[in-house]
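Visitor: the sequence and its predicted three-dimensional model are supplied below.
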Amino acid sequence: MSQGASCRVVLLGHSYIRRLKRLMESKKSHENLAFDPNDAVVHCECAGGATLQSGNLDKSILKLINGALAFRPDIIFLHIGENDVGKMSQHAIAEAIMALLYYISAVSEVKLLICSELVPMPKFQEQLGCDPAECVRATNIGLEAAIEVMMAGKTTRMKVEYWKYEMGLNRVEANLFAEKDRTHLNERGMEKYFRSVRAAIGRRLNTLH
């Protein structure tokens with residue numbers, strides 16, 4: 001990124017990113033993640049149902065990554081994995097996400113990737129019969145630990161940070177989920193998600209200019 005140029009940011013992932021994109025498009029105050037375009041230009045690369053598995057190409061995160069990298073981002077915010085809960089083990093989900101991080105670092109000039117923790121969606125209770133937090137706990141612990149090891153080893157040019165949501169997004173009991181599907185965030189939840197993603201990126205913008 002040249003001196004004085006806007007930071008190029010990609011929000012990459014499943015329906016949470018798609019709904020965040022819709023929110024940014026629907027509210028003037030939320031456009032471009034509420035960043036001054038002189039500081040950052042935000043692009044969303046997303047698909048409802050996006051998955052770590054390669055069986056469905058249209059929903060494969062690998063296809064989305066290609067679109068994201070075509071934007072030549074300085075920063076990527078990645079949110080993926082919940083659609084694979086119950087279909088892959090928690091350990092396998094963490095490993096698959098880590099493989100993506102190494103891949104992106106190897107084939108791009110991305111300076112910073114912020115990797116989201118998995119959100120404990122209430123639907124896991126109905127679909128899998130388990131406490132939602134327990135359905136994602138091992139994945140989140142594994143991701144955080146693996147990213148710490150990745151950065152300590154200094155084996156990649158790209159910096160990777162693990163992002164823990166604030167303001168209740170990581171708690172099922174926070175009443176931030178839509179009652180209709182128990183998967184997506186309600187209006188209040190989306191506002192908190194917007195602020196959390198913006199905070200994750202905003203605190204790093206100055207360091208990349």
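Guide: Great, that's in hand.

Visitor: nearest residue to the middle of the chain?
Guide: Closest residue to the average C-alpha location of the chain: His79 at 2.0 Å, with CA atoms, centre = their mean.

Visitor: residue contacts, that one?
Guide: 11-14, 16-17, 116 (CB atoms under 8 Å, 6 or more residues apart in numbering). C-betas here are computed from N, CA, C, even on glycine.

Visitor: can we see that at 10 Å?
Guide: Going by CB atoms under 10 Å, 6 or more residues apart in numbering, His79 touches 11-17, 20, 46, 50, 114-119, 163, 165, 193, 197.

Visitor: tell me which helix or strand Arg203 sits in.
Guide: Using DSSP states H and E, Arg203 sits in helix 187-208.

Visitor: list the buried ones in that helix?
Guide: Using 16 or more other CB atoms under 10 Å as the test for burial, helix 187-208 gives 189-198, 200-201, 204-205, 208.

Visitor: quick one: least confident of those?
Guide: Of all the buried residues of helix 187-208, Leu208 carries the smallest pLDDT score, 71.

Visitor: that one contacts Gly202, doesn't it?
Guide: No: at 11.3 Å, Leu208 does not count as touching Gly202 under the criterion of CB atoms under 10 Å.

Visitor: overlap of the contact sets of these two?
Guide: 39-40.

Visitor: tell me who's in contact with the closest residue to Gly48 other than its chain neighbours.
Guide: The spatial neighbour of Gly48 that comes closest, neighbours along the chain excluded (CB to CB, 6 or more residues apart in numbering), is Ser15 at 4.1 Å. Ser15 makes contact with 22, 46-50, 79, 82-83, 183-185 under the criterion CB under 10 Å, 6+ apart.
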